[in-house]
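S.K.: the following block contains a protein sequence and its predicted model.
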Amino acid sequence: MSEVEKHGFQTEVKQLLGLLANSLYSNKEVFLRELISNASDAIDKLRFISLEKPEVLGDDPEFRIRVSADKDKKTLTISDNGLGMTRQEAIDHLGTIAKSGTAEFFKNLTGDKSKDSQLIGQFGVGFYSAFVVADKVTVISRSYKSNANEAVCWVSDGSGEFEVSQTTKADRGTEIILSLRDDESEFLEDWTLRSNISKYSDHISVPVQMLETVKPESDDKDDKKEEAEYTEWKQVNDAKALWTKNPKDVTDDEYKEFYKHVSHDYQDPLTWTHNRVEGSQEYISLMYIPQRAPFDMFNREQKHGLKLYVQRVFIMDDADQFMPGYLRFVKGVLDSNDLPLNVSREILQSNKISAQLKKACTKKALQMIAKLAKDEDKTKYETFWTQFGSVLKEGLVEDWENRDEIFSLLRFASTANSGSEQNVSLDDYISRMPEKQKNIYFITAESYQAAAASPYLETLKKKGIEVLLMWERVDEWVMNQVTEYKDKKFINVCSADLDLGDLEDKAEKEEQEAKATENKDLLERIKNALGENVSEVKVSGRLVDTPSCVISEGNAMLTAQMRRLLEASGQKLPEEKFVLEINPDHAIIKKMSAETDEAKFKNWAELVLDQALLADQRGLKDPVAYVKLVNSLLLA
Ligand code: ADP
Ligand code: MG
């Protein structure tokens, strides 16, 4: 053996290792799924390489995974003849976590082991789960590119370091030897292994074999001490790719297990859809929605998409050409009969067939979500919406073709609810609209509280008109780009030209105009007092309990929330001009109007403007002056 080289695990790997024992306490056997899953991935990758270079298979063309136990040594070995790893690959892949955003994810852990263990679930535990049952893991691997004497031996006890050295291995592939902890010897039992392997690997297309004792004469199962017996590798799983089966023949448990294999998630999926399509286009899709959003859902480099197969042969992971960005949480496989086997990402990008497949998969995924929305168990859609709602909304901008389908899947908080729950659909809203109402009213703000308590809602509330409340980052951007749903216009109640249409009857309109004339002098006085700080002063039609509000002038689309977003993204915006709207029926405005001292009147006017700015969550130019002003009025 050559020199032994010591390496430390990446910090995040150490943290993960520290949490694993806790998180997998009640289902330790998942390590088998993870290791068999990795072996199957390694075989899929080599099979793909061999499409172009059949010679890489050499004299070992039959792919298989083998599991064997040694009761004396207390070891369990999982081996495969997949693509194997070079020394450097072993160091890189088994010492670090390559997912983007990993460091941030770990920074966000709370330090509370039981909570963090839950969170790890969305991360995928992978290879490191081996340390839950083993106090030493040895990996012997030979890459398909390497010679017999260039194999790597990787050893670790899972604490903080691993060792690598050079070794020899007769054939290509990877062998993982687990030295089981004393209390994990159940995994040496033939029956335990068989039942777990069939649970975890019936659905993968590679045969998993175990050594079986063959007795030439007798078939008496209990008689194990026969002399003439010998052992032979026998297949223990179905080895039939799950998606190729008839959906009628697949149990829910099998679907769930397969999900864990393709998604690297260890929780059950929320729902799935399995479609086999024949005809001009032939393909099978099996798509899942997870229960929980991945930690890196908003990371732009995050990989997403389906696992692509062509005629049952694995081609690539994360083929994002078949799923639009707003469905990036969908996991699963797509198996096409029409794409060429030598398809590359570049070809997929410009290929007509892949465009058709994307269309079809998008439809199916949206149908799956629509079905979930109709599920008797309401909590399922609530879960879906909480986890993925804000991503799905992006679809309104990204996917015009399916806009109406997406609209019907959206859920909002509303003034019809007493809390911030998002459970009102646009169709619910429309069905409750009074006959005279032609528009869908909504408000966007920084938080639920700010939206629900906004003075802009007052008149609508008084009239009993429902308003949808929005406060997610994506809302402002999306709502600016949609105009209507089912012939109903979307109207932001903060917009300058809030039009209540027929909700305002003739008498009200006349009253409004009368008020404007009546208060003409007051309006002018306020404008003079505030000077350049406001562009106009008007009598408001939207206020009931509040003395004043501000409306951003000019671009009606540029609401306070939008401004904040644009400014946060570093854009320079022209200084904002406001229209001040006042409520002449409010006691404060009446008091102000009665003030004869112009200097004091100016104080009142400034107060009324500053309050309006504050209520709209806009900053004050001079907060200290505002505080002084309020205090002086309080003491007056
Ligand atoms: P994941 O499977 O999600 O990538 P894992 O922790 O399960 O994460 O595995 C880490 C990496 O180690 C794999 O991506 C792969 O590169 C490598 N690896 C693990 N097991 C094998 C194996 N049996 N053969 C070849 N490479 C492997
Ligand atoms: Mg894995």
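M.R.: Ah, there it is. Note that this is a predicted model, so its numbers are computed, not measured. Ligands and ions are numbered 1, 2, ... in the order given.

S.K.: tell me where the stretch 101-250 of the chain has strands.
M.R.: 134-142, 151-156, 161-167, 173-180, 208-214, 230-235 (DSSP state E, counting those that start in this stretch).

S.K.: out of those strands, which comes closest to ligand 1?
M.R.: Checking those against ligand 1 by C-beta to the nearest ligand atom gives strand 173-180 as the closest, at 3.8 Å. C-betas here are computed from N, CA, C, even on glycine.

S.K.: ok, and what's touching the closest one?
M.R.: Here strand 173-180 makes contact (C-beta atoms under 8 Å, 6 or more residues apart in numbering) with 31, 35, 39, 42, 73-85, 130, 133-142, 169, 187-188.

S.K.: specify the beta-bridge partners of the residue nearest to Asn417 when sequence neighbours are not counted.
M.R.: In this structure, Asn417 finds its nearest non-sequential neighbour in Val424, 6.8 Å apart by C-beta to C-beta, 6 or more residues apart in numbering. Bridge pairing for Val424 (DSSP bridges) gives the partners Phe412.

S.K.: on that earlier part again, Gln321 is nearest to which of the strands of the stretch 101-250 of the chain?
M.R.: strand 173-180 (30.1 Å; C-beta to C-beta).

S.K.: say whether ligand 2 is contacted by the closest one.
M.R.: No - using C-beta under 5 Å from the ion, strand 173-180 stays clear of ligand 2, coming no nearer than 11.7 Å.

S.K.: ok so, going back, give me the subset of the contacts of strand 173-180 that lies in helices.
M.R.: The helices, defined by DSSP state H, take in 31, 35, 39, 42, 130, 133 from the contacts of strand 173-180.

S.K.: from these, which are also near ligand 1?
M.R.: Residues of those in contact with ligand 1 (C-beta under 6 Å from any ligand atom): 39, 42.

S.K.: which of the ones in helices among the contacts of strand 173-180 tops the neighbour count?
M.R.: Among the ones in helices among the contacts of strand 173-180, Phe31 has the most neighbours (other C-beta atoms under 10 Å), with 30 neighbours.

S.K.: I figured it was touching Val132, is that so?
M.R.: Yes - if you go by C-beta atoms under 8 Å, Phe31 and Val132 touch, sitting 5.8 Å apart.

S.K.: overlap in contacts of those two?
M.R.: Joint contacts of Phe31 and Val132 (C-beta under 8 Å, 6+ apart) are Leu24.

S.K.: now the element after the worst-scoring helix or strand of the chain on mean pLDDT, going C-ward?
M.R.: Among the helices and strands of the chain, helix 560-568 carries the lowest confidence by mean pLDDT, DSSP states H and E, at a mean of 71. Note on helix 560-568: by DSSP states H and E, the next helix or strand toward the C-terminus is strand 578-582.

S.K.: now that following strand: how far from the chain's centre is it?
M.R.: 41 Å (C-alpha atoms, centre = their mean, to the nearest Å).

S.K.: still on that earlier bit, which of the contacts of strand 173-180 are buried?
M.R.: Among the contacts of strand 173-180, those buried by neighbour count (16 or more other C-beta atoms under 10 Å) are 31, 35, 39, 42, 74-85, 130, 133-134, 136-142, 169, 187-188.

S.K.: just to revisit the earlier point, as a markdown table, the strands of the stretch 101-250 of the chain with mean pLDDT would be great.
M.R.: Shown next, in a markdown table, are those (pLDDT from 0 to 100):
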| stretch | mean pLDDT |
| --- | --- |
| strand 134-142 | 97 |
| strand 151-156 | 98 |
| strand 161-167 | 97 |
| strand 173-180 | 98 |
| strand 208-214 | 91 |
| strand 230-235 | 92 |
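
S.K.: out of those strands, which is closest to Phe578?
M.R.: With C-beta to C-beta as the criterion, Phe578 lies closest to strand 161-167 of these, at 63.0 Å.

S.K.: can you list contacts of that closest one?
M.R.: Residues outside strand 161-167 that contact it (C-beta under 8 Å, 6+ apart): 1-9, 87, 90-91, 94-95, 140, 149-156.

S.K.: quick check: which of the residues you listed are also close to ligand 1?
M.R.: Within the contacts of strand 161-167, those near ligand 1 by C-beta under 6 Å from any ligand atom are Leu94.
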